[in-house]
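> How does the following fold in three dimensions:
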Amino acid sequence: MCKLFSQYENEIRKYCTENSLDFEKAKKLPQCWGKNDIWLQYYDPEKGKNGLKDETPAPIVLKIAINNGKVTFEQTENTKKYIGKVS
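Residues are numbered from 1 along each chain as shown. Next comes the predicted model:
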């Protein structure tokens, strides 16, 4: 897990709770990060078995940006599908 995720874990947990997202699932997703952002991605272990020949992208599930200590979130078309809570 990247340092940014750990550093802002409480804010991410709060966002997930307020938006009916499963924080535990989000926490386990692969992460791509930069200096001020984290992108959570979905990885399907059943796909991509042919290496680069397969070229199966890992869809972005949630974008998290940190600007001057303020955390903002952007959901994608995959957010509810992969980390949405089932009612």
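> Report how many residues lie close to K35.
Per other CB atoms under 10 Å, the neighbour tally for K35 reads 6. Where C-beta positions appear, they are placed from N, C-alpha and C, glycine not excepted.
> Quick check: Q75 touching L62?
Yes: counting by CB atoms under 8 Å, Q75 touches L62, with 6.2 Å between them.
> more crowded one of these two?
Comparing Q75 with L62 by other CB under 10 Å, the one with more neighbours is L62, at 24 against 16.
> Next, the more buried one: secondary structure please.
Look at L62: counting by DSSP: H, G, I helix; E, B strand; the rest coil, its state is strand.
> Touching, it and K27? I think so.
No: with contacts counted by CB under 8 Å, L62 stays clear of K27, the gap being 11.2 Å.
> tell me which element the nearest residue to E9 once chain neighbours are set aside falls in.
When the adjacent residues along the chain are set aside, E9 lies closest to K27, with 7.9 Å between them (CB to CB, 6 or more residues apart in numbering). Using DSSP states H and E, K27 sits within helix 23-28.
> Check which helices and strands that helix sits against.
Secondary-structure packing of helix 23-28 (3 or more CB pairs under 8 Å, 6 or more residues apart in numbering; DSSP states H and E): helix 9-18, helix 79-83.
> from the ones you listed, which stretch is densest packed?
Highest mean neighbour count of these: helix 79-83, a mean of 18 (counted as mean count of other CB atoms under 10 Å).
> Pull the number of nearby residues for the residue nearest to T72 when sequence neighbours are not counted.
Distances taken as CB to CB, 6+ apart place A65 nearest to T72, at 4.9 Å, with adjacent residues excluded. By the criterion of other CB under 10 Å, A65 has 15 neighbours.
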